[in-house]
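In: Got a predicted model here, sequence first, then my questions.
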Amino acid sequence: MKIRTKMLLSLSVTLVLLLTLSFSILVALASKEITKTLTSEITTQRENITKQVSDLITNSARSYLSAIGEESNSIADTYYKLYINDEITKERAEKLLQDSLINFIFLKSGTIFITDNQGIIISHPQENLIRTISPMQAWIQRLKKDEKGFKAYEYQGKNKLVYRIYNSSFDFNICVSANTSDFLQTVDLKELNKTMNNIVIGKTGYPYLLNKSGQIVTDKDTFRINTNILVETDVLGSRVYDPVLNSENGFFRFKKTGKNGEIIEKFVSHEVEPNSELIVCLTGDVNEMYGVVGKMKNVIIILGLVVLLILMVFVLIILSTVTTPLSIFTKSLADVTHGEGDLTKKIDLASSDEIGVMVKHFNEFLETLRGMVVDIKNTSGSLLNLKSEVVYGVDNTFATLKKISSNITSIKNQSSQLDRTVELSYLSSENIARNIENLNRAFIKELKIMKTTTDSVTSMIEDFTNIQALVSSARDNSIKISAKMNDEADVKMLEIITKSLEQIDSKAAVLHSNGDEVINNIQSLKYAANIVKDRSTQIQNESEGVKESLLNTKKITSYVVESLQVIIAGSQKISESMSNLKQTSARLETSGENLSSSVNRFKT
């Protein structure tokens with residue numbers, strides 16, 4: 001692939017990626033901003049419609065409450081006239097008025113109660129609230145006596161609206177109150193529906209009202225009024241209006257089937273009107289409201305393609321300014337490279353950019369290369385002569401190494417034989433040492449036996465001495481006894497005993513003499529054994545010295561053998577190196593001849 005094509009592809013891919021990323025970010029940001037603006041417009045419309053509905057209901061509620069308040073004030077004046085005409089007492093008039101107002105029923109949560117000027121409840125339908133402070137006490141105190149007014153407040157979780165009118169006859173305040181959600185009954189729903197239908201969102205979008213149970217109060221399609229919107233589902237059969245009843249306000253989308261069976265994406269923006277608790281909903285077609293986003297995306301894509309084409313044209317123009325000098329340089333280089341080896345040629349290209357600098361340096365390189373070829377031609381002959389000298393020196397060195405290797409091998413064999421002889425001598429000395437050691441152990445054992453025997457004989461001699469003493473004592477006693485005895489038989493018996501004792505004494509003396517002789521012999525044997533033991537110990541120590549000397553000799557011979565093996569291995573490596581050197585010199589000769597023929601090809 002040519003460099004022009006590579007550069008074109010790389011720049012094209014880079015531009016496409018950059019433009020795609022840039023326009024994608026632009027589309028995303030623009031879509032987000034437009035969507036945000038449209039959603040804000042829908043929210044603003046929803047808030048305006050909610051305010052219109054709130055104002056309409058509030059105005060209707062105020063008119064309704066003020067009418068009831070004026071009617072209540074008129075009733076109070078009527079009862080006061082009865083008091084003025086002395087038909088009833090003032091207390092009776094107040095009691096009748098309170099009963100009338102308490103029993104006055106309007107709407108679902110409507111009540112009429114009376115407070116004094118301090119805001120304390122005097123009369124109320126709920127008796128437990130009488131004599132309590134009204135929720136709007138501070139407001140009542142601020143109002144002037146001739147001032148009428150409305151006050152919205154929250155009581156027990158309900159939004160309420162109260163109308164206050166001062167009755168000067170009885171000097172108290174008549175208050176008319178009801179839940180704001182009940183005033184929907186006072187609104188003309190047909191008029192409200194007509195007002196809502198005049199509001200258009202986009203092309204087909206419109207607002208409608210729901211109550212808190214999901215029942216449609218106003219709608220462009222009159223057939224939907226008073227139906228429950230919660231039964232409506234999307235294309236998947238799921239209920240879509242649950243978020244409307246579960247939140248104060250919000251925005252969501254869903255898909256439903258159109259009249260002709262097509263799939264339509266709708267949006268709903270909803271908000272709860274706090275006074276009536278009605279839910280104001282705005283609905284419309286998503287494509288109508290947000291279709292501008294898709295159109296904008298198409299415009300940006302077309303614009304991106306146009307920009308890409310323009311950039312590609314500029315890229316081609318810029319590439320031509322780079323690749324044209326490169327083409328000229330390539331052709332000139334091919335002529336120098338594949339020509340007749342003429343190093344005197346130069347590339348002619350006049351350019352002041354990086355390519356011109358490259359051509360200048362290449363011409364300088366050719367000039368340097370021509371000088372190198374000339375030098376190689378001059379030195380190629382000397383190289384061939386040097387090769388012959390190297391080969392001769394290698395042959396002589398190789399022969400000398402063979403003789404040295406043979407001598408070393410002979411010395412190694414003699415050293416190995418000496419090592420085996422030392423090994424045998426070492427083993428013999430070890431055997432002698434073991435025998436002497438066994439002999440010493442035997443002498444020690446015999447000495448122990450001799451000692452035991454000596455002790456036994458000494459003990460026996462002592463026993464014989466004791467026997468002799470006993471026998472001598474017994475003989476003396478026999479003599480003494482025989483001197484005192486008169487019976488000849490007893491005397492003869494004693495004489496026999498005395499003779500026996502004398503025999504025993506003589507035999508004990510003989511045994512005592514023999515024991516002494518045995519002890520003397522054993523002592524002689526012990527002395528001789530100790531001499532032999534000392535000598536054997538001396539021989540053992542000398543054998544240990546011989547053994548150590550043989551061990552050192554063995555180590556020396558082993559070291560000599562190993563050293564000779566290393567020397568032999570080294571000589572073999574040297575021989576291999578010399579062989580390789582010889583082969584290298586042969587290759588050097590071939591390379592020199594090839595180099596000579598190659599450099600002779602160049603024209604210098």
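Out: Sure thing, it's come through.
In: Dihedrals phi and psi, Thr283?
Out: phi -130, psi 160 (degrees, to the nearest 10).
In: typo on my end, it should be Gly515
Out: Listed backbone geometry of Gly515 is phi -60, psi -40, with angles given as degrees, to the nearest 10.
In: and if you look at Lys259?
Out: With angles defined as degrees, to the nearest 10, Lys259 shows backbone torsions of phi -60, psi -30.
In: From Val235, how far off is it?
Out: According to Cβ to Cβ, to the nearest Å, Lys259 stands 14 Å off from Val235. Backbone N, C-alpha and C define where each C-beta goes, glycine included.
In: can you map out the helices along the stretch 301-450 of the chain?
Out: Counting by DSSP state H, counting those that start in this stretch, the segments of the stretch 301-450 of the chain that form helices are 354-484.
In: Name the residue in Lys259 and Val235 with the higher neighbour count.
Out: For the pair Lys259 and Val235, the greater number of neighbours falls to Val235 (12 against 6), based on other Cβ atoms under 10 Å.
In: show me the contacts for that one.
Out: For Val235, the residues meeting the contact criterion (Cβ atoms under 8 Å, 6 or more residues apart in numbering) are Lys255, Lys256, Thr257, Ile263.
In: For Gly205, see how far away the first one is.
Out: When distances are taken as Cβ to Cβ, Lys255 and Gly205 turn out to be 16 Å apart.
In: where exactly do the helices run in the stretch 1-150 of the chain?
Out: Taking DSSP H, counting those that start in this stretch to define them, one finds helices in the stretch 1-150 of the chain at 3-84, 90-102, 137-142.
In: looking at those helices, which is closest to Asn520?
Out: Proximity to Asn520 (Cβ to Cβ) singles out helix 3-84 among the helices of the stretch 1-150 of the chain, at 122.5 Å.
In: Give me the distance from the closest one to the chain's centre.
Out: Here helix 3-84 shows a centroid-to-chain-centroid distance of 46 Å under the convention Cα atoms, centre = their mean, to the nearest Å.
In: Would you mind giving the orientation angle of that helix with respect to helix 90-102?
Out: Following axes from the mean of the first three to the mean of the last three Cα atoms, to 10 degrees, one obtains 150 degrees for the angle between helix 3-84 and helix 90-102.
In: Quick one: mean pLDDT for helix 3-84?
Out: Helix 3-84 shows an average pLDDT of 83 in the prediction.
In: repeat for stretch 183-203
Out: In this model, stretch 183-203 has an average pLDDT of 81.
In: ok, and for that stretch, which residues are buried?
Out: Phe183, Leu184, Thr186, Val187, Leu192, Asn193, Thr195, Met196, Asn197, Ile201, Gly202 (16 or more other Cβ atoms under 10 Å).
In: Pick out the most distant pair among the residues you listed.
Out: Most distant of those, by Cβ to Cβ, are Thr186 and Gly202, 32.6 Å apart.
In: Does Val272 touch Gly250 like I think?
Out: No - applying Cβ atoms under 8 Å, one finds Val272 not in contact with Gly250, separated by 10.2 Å.
In: Which one's more surrounded, these two?
Out: Neighbours of Val272 and Gly250, each counted by other Cβ under 10 Å, are more numerous for Val272; the result is 17 against 12.
In: got a list of what the more buried one touches?
Out: Residues in contact with Val272 (Cβ under 8 Å, 6+ apart) are Glu248, Asn249, Leu278, Ile279, Val280.
In: 6 Å instead, please
Out: Contacts for Val272 were tallied using Cβ atoms under 6 Å, 6 or more residues apart in numbering; they are Glu248, Ile279.
In: What's the local residue count around Glu416?
Out: Just so we're on the same page, residue 416 is Ser rather than Glu. The number of residues packed near Ser416 is 15, by other Cβ under 10 Å.
In: can you check Arg253 too?
Out: When neighbours are defined as other Cβ under 10 Å, Arg253 has 12 of them.
In: which strands and helices sit next to the host helix or strand of it?
Out: Take DSSP states H and E as the rule and Arg253 turns out to sit in strand 249-257. Under the contact criterion of 3 or more Cβ pairs under 6 Å, 6 or more residues apart in numbering; DSSP states H and E, strand 249-257 touches strand 263-273.
In: Give me the buried positions along the strand it packs on.
Out: Neighbour counts over strand 263-273 (16+ other Cβ under 10 Å) mark Ile264, Lys266, Phe267, Val268, Ser269, His270, Glu271, Val272, Glu273 as buried.
In: from those, which is closest to Met372?
Out: Using Cβ to Cβ, Phe267 comes nearest to Met372 of the buried residues of strand 263-273, at 83.0 Å.
In: Now for the closest one: which residues touch it?
Out: For Phe267, the contact set (Cβ under 6 Å, 6+ apart) comprises Arg253, Val286.
In: Report the beta-bridge partners for it.
Out: Arg253, Gly284 (DSSP bridges).
In: Check what pLDDT it gets.
Out: Confidence at Phe267, expressed as pLDDT, is 89.
In: Thr324 now?
Out: Each residue has a pLDDT score; the one for Thr324 is 70.
In: got the CA positions of stretch 184-198 in CSV?
Out: Included here for stretch 184-198 are C-alpha records, laid out as CSV according to Å, rounded to 0.1, in the frame of the first residue of the first chain:
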residue,chain,number,x,y,z
LEU,A,184,-66.8,21.9,42.4
GLN,A,185,-70.5,21.3,42.8
THR,A,186,-71.0,25.1,42.4
VAL,A,187,-69.0,25.3,39.2
ASP,A,188,-70.8,25.1,35.9
LEU,A,189,-69.0,22.0,34.5
LYS,A,190,-70.2,22.5,31.0
GLU,A,191,-68.8,26.0,31.0
LEU,A,192,-65.6,24.7,32.5
ASN,A,193,-65.4,22.0,29.9
LYS,A,194,-65.9,24.6,27.2
THR,A,195,-63.1,26.7,28.6
MET,A,196,-60.8,23.7,28.8
ASN,A,197,-61.6,22.7,25.2
ASN,A,198,-60.5,26.1,23.9
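In: what's the offset of that stretch from the middle of its chain?
Out: Using Cα atoms, centre = their mean, the mean C-alpha position of stretch 184-198 is found 63 Å from that of the whole chain.
In: ok, and what's touching it?
Out: Stretch 184-198 has contacts (Cβ under 6 Å, 6+ apart) with Ile57, Ser60, Tyr64, Pro207, Thr218, Lys220, Ser276.
In: mind listing what the fifth one touches?
Out: For Thr218, the contacting residues are Leu192, Asn193, Met196, Tyr208, Leu209, by Cβ under 6 Å, 6+ apart.
In: Among those, which pair sits farthest apart?
Out: Put simply, by Cβ to Cβ the two of the contacts of Thr218 set farthest apart are Leu192 and Tyr208, 10.8 Å from each other.
In: For Lys255 and Gly205, indicate the residue with more neighbours.
Out: Under the neighbour definition other Cβ under 10 Å, Lys255 and Gly205 were set side by side, and Gly205 has more, 21 against 13.
In: Switch the helices of the stretch 1-150 of the chain over to a markdown table; also include distance to Ile114.
Out: What follows is those, written out as a markdown table (distance: least, Cβ to Cβ, whole Å):
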| stretch | distance to Ile114 |
| --- | --- |
| helix 3-84 | 9 |
| helix 90-102 | 7 |
| helix 137-142 | 11 |
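In: Out of these, the one nearest Arg535 is which?
Out: Using Cβ to Cβ as the criterion, the shortest distance between Arg535 and the helices of the stretch 1-150 of the chain is 102.6 Å, found for helix 3-84.
In: So for the helix or strand hosting Leu209, what gets flagged as buried?
Out: Here Leu209 sits within strand 206-210, counting by DSSP H and E. Judged by neighbour count (16+ other Cβ under 10 Å), strand 206-210 contains these buried residues: Tyr206, Pro207, Tyr208, Leu209, Leu210.
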